[in-house]
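> Model the following, please.
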Amino acid sequence: MKKIMFVCLGNICRSPMAEYLCRAEAEKRGLAMEITSAGTSGWHDGEYMHCGTADVLDGLGIDSRDFVSKRVKSSDWEEFDYLIVMDDNNLCDMETRFSKNKKLFKITDLLPENSRYDHVPDPWYTGNFKETHDILQQCCEILVTRLQRGEM
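Residues are numbered from 1 along each chain as shown. Now for the predicted structure:
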C-alpha cells in the first residue's frame, strides 16, 4: 500500500483538499492507499481546514470532519512513499529540510506538458477555491491512475 503526504504552506487549503480528493478517488477505484497532508509552516497546527476548502469538499459529498492541520515532521521522509507539494516554495522548503529525491515533487508535474499550471495557486490569497479544486482533481485522477497501473 502506497503512503502519500500532500504538502502546502499552512495545511488548511490546498494540501487538505488534495488529501480528501485523492482519498475519494482511490476509494472509488478500490485502491488501498494511506493519504494525509501537512504544512511546511505549522502556522495552523491543530486547526480545521479553511472554510472554502471545507465548502468544496462538502459540495462533493466528501466528509472532512476528521481533519486536523499539522506540520511536516522529520519522520515523514522515511514514513511516506511520496511527499507531493503544491508550489515551488513548498518544494524548496522540503528540499532544504530533506533532500532532492524522486519521492518529492510538485503535484502539477503530473499534468500534461501543455498545461497552463506549473503550481497550484493558493486560494488563501486568490480566493478561487474552484480553480484549486479543478487543478487538484485532475492531478489526483492522474496520480491514482499511475499508481493503479504501477507506473510510480
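
> From G150, how far out is H44?
Look at H44 and G150: by Cβ to Cβ, to the nearest Å, they are 35 Å apart. Bear in mind the C-beta positions are built from the backbone N, C-alpha and C, glycine included.

> Next up, the contacts around the residue of the chain positioned farthest from its centre.
In the chain, counting by Cα atoms, centre = their mean, N114 sits farthest out from the average C-alpha position, at 21.4 Å. With contacts defined as Cβ atoms under 8 Å, 6 or more residues apart in numbering, N114 has no neighbours.

> tell me the secondary structure for I35?
strand (DSSP: H, G, I helix; E, B strand; the rest coil).

> That one contacts A26, correct?
Yes - the pair I35 / A26 is scored as a contact, 6.9 Å apart, by Cβ atoms under 8 Å.

> Shouldn't the residue farthest from the centre of the chain be within a strand?
No - assessed with three-state DSSP, N114 is coil; it does not lie in a strand.

> any idea how far it lies from F129?
According to Cβ to Cβ, N114 and F129 sit 25 Å apart.

> can you check D55 too?
7 Å.

> Would you mind measuring from Y82 to K28?
19 Å.

> Those two - which one has more neighbours?
Set Y82 next to K28 and count neighbours by other Cβ atoms under 10 Å: Y82 wins out with 19 against 10.

> Please identify the buried residues of the longest helix belonging to the chain?
The longest helix of the chain (DSSP state H) is helix 129-148. By 16 or more other Cβ atoms under 10 Å, the buried positions in helix 129-148 come out as 129, 132-133, 135-144, 147.

> and which of these is nearest M1?
Minimum separation from M1 among the buried residues of helix 129-148 (Cβ to Cβ) is found for L147, which lies at 10.1 Å.

> Just give the closest residue to that closest one, not the sequence neighbours.
The spatially closest residue to L147, leaving aside those adjacent along the chain, is K2, at 5.7 Å (Cβ to Cβ, 6 or more residues apart in numbering).

> Please name the nearest non-neighbouring residue to L143.
L110 (5.8 Å).
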